[in-house]
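S.K.: Okay, predicted coordinates and the sequence, questions at the end:
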Amino acid sequence: MGLDYSYEMIAAEAFGGIRCGGVPMAIGVQTNMATPALARFGSDYVRDSFLAPAIAGEQVACIGVSEPGAGSDVSGIKTTAIKDGDDYIINGSKMWITNATQADFICLLANTSDEPAHKNKSLIIVPTDTAGISFSDKLDKLGMRSSDTAQIFFDNVRVPQRNLIGHEGAGFVMQMQQFQEERLYIAAMSLKSMEICINETLTYTRERQAFGKPLLANQSILFRLAELQTEVELLRALTYQACEQYVQGEDVTRLASMAKLKSGRLSREVSDACLQYWGGMGFM
Ligand SMILES: Cc1cc2nc3c(=O)[nH]c(=O)nc-3n(C[C@H](O)[C@H](O)[C@H](O)COP(=O)(O)OP(=O)(O)OC[C@H]3O[C@@H](n4cnc5c(N)ncnc54)[C@H](O)[C@@H]3O)c2cc1C
């Protein structure tokens, strides 16, 4: 459609209005986490075979980066993809993979050589119906339970080398770039849910009477809610600025990382602070 990234930000912000985290996260994995590298670096074959059906909603994508022994430290992944004829043979496992149990393909980060850790990785598309792939049961999570998360195992999984995204050895850098969109999506998504939380707390404290007057008649509560809303607006400004620069083709790793950091912290602060004003009802 030729729309720029700001349209994705608008969608992400709107998805934040869904009253559960799992659904927008599952959608975001499809749109902003598992597919940006295909759009940016994929060959015509990769884009026609995997990206186009993902955009059309015909195929579900997941992103396979984390492993049991490597989460924050992406460079430490152990899964390998070794060349054999025209194929790669993949061995290893991936952990905590969103959409795993329903995905049609995995955008997989694997080691394709013995070069240093930041130069030996490649992104490869792996269809989930390929022989040798198996999945754990859905992991039993603390939250986001409507989004499935599972472990994926690769036992001599053979995929054609034409499923490679971009250049061999460029996978780490491409994945770091792919994370930019993930971070922006998460930051934008969090805005609306925090606003809902603050607004509903305003409504509740306006109605709830204590000591002969509405809770909200106590200025200390108004001060706190106003401060939280101010923080949300600051995060919005940061997120929009990062988005604007991204649309202009700039590297926004720094701003996008700041926005994601702040959105995580602020989401916890807003929900905890607001919950207090609901008293016992907050525990119901
Ligand atoms: C619901 C959910 C969905 C997920 N979906 C996906 C997915 O679709 N695809 C995917 O690839 N991954 C996914 N993940 C995995 C996620 O990306 C990792 O959990 C995350 O990267 C952190 O890795 P880890 O859990 O191994 O934590 P660790 O790397 O073990 O880190 C544990 C803690 O130590 C801190 N820490 C680490 N290193 C340092 C350091 N040097 N100094 C100080 N502190 C440090 C971390 O910040 C963290 O707080 C998902 C996780 C969850 C919970």
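M.R.: That came through fine. Numbering: from 1, shown residues only.
S.K.: secondary structure class for the nearest residue to Gly169 once chain neighbours are set aside?
M.R.: Leaving out its chain neighbours, the residue that sits closest to Gly169 by Cβ to Cβ, 6 or more residues apart in numbering is Lys119, at 5.2 Å. Quick note: C-beta positions are derived from backbone N, CA and C, even for glycine. Secondary structure assignment for Lys119 (DSSP: H, G, I helix; E, B strand; the rest coil): coil.
S.K.: Burial check on Lys119, number of neighbours?
M.R.: The burial metric for Lys119, expressed as a neighbour count using other Cβ atoms under 10 Å, is 14.
S.K.: pretty sure it contacts Phe172?
M.R.: Yes - with contact defined as Cβ atoms under 8 Å, Lys119 counts as touching Phe172 (7.3 Å).
S.K.: ok, Asp73 to the ligand distance?
M.R.: Distance of Asp73 to the ligand, computed by Cβ to the nearest ligand atom, to the nearest Å: 6 Å.
S.K.: Now that residue. Its backbone dihedrals?
M.R.: Phi and psi for Asp73, reported as degrees, to the nearest 10, are phi -90, psi 80.
S.K.: how much space between it and His118?
M.R.: Using Cβ to Cβ, to the nearest Å, Asp73 is found at 12 Å from His118.
S.K.: what do you get for Ile221?
M.R.: Between Ile221 and His118 the distance, using Cβ to Cβ, works out to 50 Å.
S.K.: more crowded one of these two?
M.R.: The residue with more neighbours, out of Ile221 and His118, is Ile221; 18 against 13, by other Cβ under 10 Å.
S.K.: Next up, the contacts around the more buried one.
M.R.: For Ile221, the contact set (Cβ atoms under 8 Å, 6 or more residues apart in numbering) comprises 205, 215, 277.
S.K.: If you rank those by neighbours, which is first?
M.R.: Thr205 (21 neighbours).
S.K.: Would you report the backbone torsion angles of the residue located most distally from the centre of the chain?
M.R.: Within the chain, Gly212 marks the point farthest from the mean C-alpha position, 46.1 Å out by Cα atoms, centre = their mean. Backbone torsions of Gly212, given as degrees, to the nearest 10, read phi 80, psi 10.
S.K.: Can you give me the pLDDT of the residue of the stretch 1-150 of the chain found nearest the ligand?
M.R.: Checking the stretch 1-150 of the chain residue by residue against the ligand with Cβ to the nearest ligand atom singles out Gly71 as nearest, at 1.9 Å. For Gly71, the model assigns a pLDDT of 94.
S.K.: switch to numbering from 438
M.R.: Got it, first residue is 438 now, which makes that one Gly508.
S.K.: now it: how far from Val502?
M.R.: Gly508 sits 9 Å away from Val502, going by Cβ to Cβ.
S.K.: Looking at these two, which is more packed in?
M.R.: Counted by other Cβ under 10 Å, Gly508 and Val502 do not tie: Val502 has more neighbours, with 26 against 13.
S.K.: Excluding covalently adjacent residues, which one is nearest to the more buried one?
M.R.: Counting by Cβ to Cβ, 6+ apart, Val502 lies nearest to Leu546, which is 4.8 Å off, once chain neighbours are set aside.
S.K.: For the one you found, give me its contacts.
M.R.: With contacts defined as Cβ under 8 Å, 6+ apart, Leu546 is in contact with 501-502, 511, 514, 516, 558-560, 608-609, 612.
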